[in-house]
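**Student:** The amino acid sequence is not available; the structure is as follows:
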């Protein structure tokens, strides 16, 4: 092929490809992205289809031995399909066709030139994005990449003059149409973002063949043939246009946008308010307005004057009694034998009864003796139920005393149901008084 003609053909092809991409750009506005930094690849377009064309030659830029002194530039073309697995890495399948040719000066070795038709060259490559020109900018529009992989190619070589090679005569029995050999493609390139859907690629790939007959000259395995493919092409992103293309995602900008998301800021502010409310609740729980050492929520007698001695419920302790006008040992009015009150239909001790029971426990432990806890109930409900309830109330008092260190043999619990009311059961005030336990010495 004439080199000038080849250049014109490639140039015309690229002009046509750019025209197609411009049209696509005009019809496809960039998608507004709601992607998150750790949202996974499902929120992006990750498949792309590419077409390319360029020049093939039986040499590579790294040099090495060649069976022909001169090489020609021939046309090659191909397609690709890529799956982007992350911002920096993808897998790409490629299929390429074309031909290679070269010649020897003065017909060295009796062979003037060769021509090899590449029926197909198919490979799978890893594609690594190694950097972007504008990585620190919000819009990423230029990517550099490197590729490497493994493939299988089929080709038909022939020489001039004919020397046994030719189409339809390959293999031991000369009954194959072409030769199959594996090869390793290694390449690099640059990609330009034309639109949200279209990218323009320039790439160079060196292909190292696992054989020495790509140019129809077999040198008994002392060297391996190689060829290169310099190409230009377009890549079309596939999938929903509502999603951004993973190729062009700028992780830094994405993270910045996510941190600046007003919804996230609102959630943070709401969380701060909740924390403040919890802190305020904790402070309220600890609040002791009258300074008597009992928190307000447990203080039954709010507003106790400063310095007043109080019990566990925040109520003032009875004043001491002076005997014979002489400052002697003080005697408390609380004997521990006061009546213990209960809520409606409940045998659970009230916290306000604890000081009375604690005093009774101290008396029993210090002085010995025995007591009987007598449980009673108001007249609501059946007599049988109220009898059980009164026994439960008497046992609640006994259990408290035993748990505080009193010997169980010192306490007898009895229930009397609705018997012996101390107030009228016709009023709620009277019924409240009748829900009780009385403690008496044996």
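**Tutor:** All right, it came through fine. Everything numeric here is computed off the predicted structure, so don't read it as measured data.
**Student:** what about the nearest residue to residue 187 once chain neighbours are set aside, which helix or strand?
**Tutor:** Excluding its sequence neighbours, the residue lying closest to residue 187 (C-beta to C-beta, 6 or more residues apart in numbering) is residue 205, at 3.4 Å. For every residue, glycine as well, the C-beta is placed using N, CA and C. Element membership for residue 205, per DSSP states H and E: strand 198-209.
**Student:** That strand: what's the following helix or strand?
**Tutor:** Next along the chain after strand 198-209, taking DSSP H and E as the criterion, comes strand 226-238.
**Student:** In that next one, which residues are buried?
**Tutor:** 226, 227, 228, 229, 230, 231, 232, 233, 234, 235, 236, 237 (16 or more other C-beta atoms under 10 Å).
**Student:** from memory residue 351 sits against residue 313, does it?
**Tutor:** Yes - using C-beta atoms under 8 Å, residue 351 makes contact with residue 313 at a distance of 6.7 Å.
**Student:** can you pull out the strands in the stretch 101-250 of the chain?
**Tutor:** For the stretch 101-250 of the chain, strands defined by DSSP state E, counting those that start in this stretch occupy the ranges 113-132, 142-160, 179-193, 198-209, 226-238.
**Student:** out of these, nearest to residue 376?
**Tutor:** With C-beta to C-beta as the measure, strand 226-238 is the member of the strands of the stretch 101-250 of the chain nearest residue 376 (84.8 Å).
**Student:** Output the contacting helices and strands for the closest one.
**Tutor:** The contact analysis (3 or more C-beta pairs under 8 Å, 6 or more residues apart in numbering; DSSP states H and E) places strand 226-238 against helix 3-27, strand 47-57, strand 74-84, strand 89-103, strand 198-209.
**Student:** Quick one: mean pLDDT for the longest one?
**Tutor:** Translated: helix 3-27. Across helix 3-27, pLDDT averages out at 45.
**Student:** what do you get for the third one?
**Tutor:** Mean pLDDT, strand 74-84: 97.
**Student:** Work out the sheet partners of that strand and label each with its direction, please.
**Tutor:** Note on strand 74-84: by DSSP bridges, its sheet partners are strand 47-57 (antiparallel), strand 89-103 (antiparallel).
**Student:** Check the offset of the shortest one from the chain's centre.
**Tutor:** Going by C-alpha atoms, centre = their mean, to the nearest Å, the spacing between the C-alpha centre of strand 47-57 and its chain's C-alpha centre is 37 Å.
**Student:** List the buried residues in it.
**Tutor:** 48, 50, 51, 52, 53, 54, 55, 56, 57.
**Student:** what about residue 351 and residue 313, which has more around it?
**Tutor:** When neighbours are counted by other C-beta atoms under 10 Å, residue 351 and residue 313 differ, and residue 313 comes out ahead with 16 against 10.
**Student:** between the strands of the stretch 101-250 of the chain, which gets nearest to residue 66?
**Tutor:** Nearest of the strands of the stretch 101-250 of the chain to residue 66, taken as C-beta to C-beta: strand 226-238 at 8.6 Å.
**Student:** ok, and the closest non-adjacent residue to residue 87?
**Tutor:** Using C-beta to C-beta, 6+ apart and skipping the chain neighbours, the partner closest in space to residue 87 is residue 249 (5.6 Å).
**Student:** Report the separation between residue 287 and residue 130.
**Tutor:** Distance, residue 287 to residue 130, using C-beta to C-beta, to the nearest Å: 63 Å.
**Student:** ok, so what distance separates the closest residue to residue 368 other than its chain neighbours from residue 68?
**Tutor:** Distances taken as C-beta to C-beta, 6+ apart place residue 410 nearest to residue 368, at 7.5 Å, with adjacent residues excluded. Per C-beta to C-beta, residue 410 is found 118 Å from residue 68.
**Student:** which residues of the stretch 301-442 of the chain score low on pLDDT?
**Tutor:** For the stretch 301-442 of the chain, applying pLDDT under 70 flags the ranges 312, 318-335.
**Student:** Can you show me the strands along it?
**Tutor:** 340-341, 371-375, 411-415, 436-441.
**Student:** from those, which stretch is densest packed?
**Tutor:** Among the strands of the stretch 301-442 of the chain, strand 371-375 has the highest mean neighbour count (mean count of other C-beta atoms under 10 Å), at a mean of 23.
**Student:** now for that strand, which elements pack on it?
**Tutor:** Counting contacts by 3+ C-beta pairs under 8 Å, 6+ apart, strand 371-375 is packed against helix 383-403, strand 411-415, strand 436-441.
**Student:** and those as a markdown table, adding distance to residue 365?
**Tutor:** Below are the helices and strands packed on strand 371-375 laid out as a markdown table (distance: least, C-beta to C-beta, whole Å):
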| stretch | distance to residue 365 |
| --- | --- |
| helix 383-403 | 9 |
| strand 411-415 | 12 |
| strand 436-441 | 15 |
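**Student:** how near is residue 380 to residue 190?
**Tutor:** Counting by C-beta to C-beta, the gap from residue 380 to residue 190 is 91 Å.
**Student:** An error on my part: the question was meant for residue 70.
**Tutor:** Distance of residue 70 to residue 190, computed by C-beta to C-beta: 30 Å.
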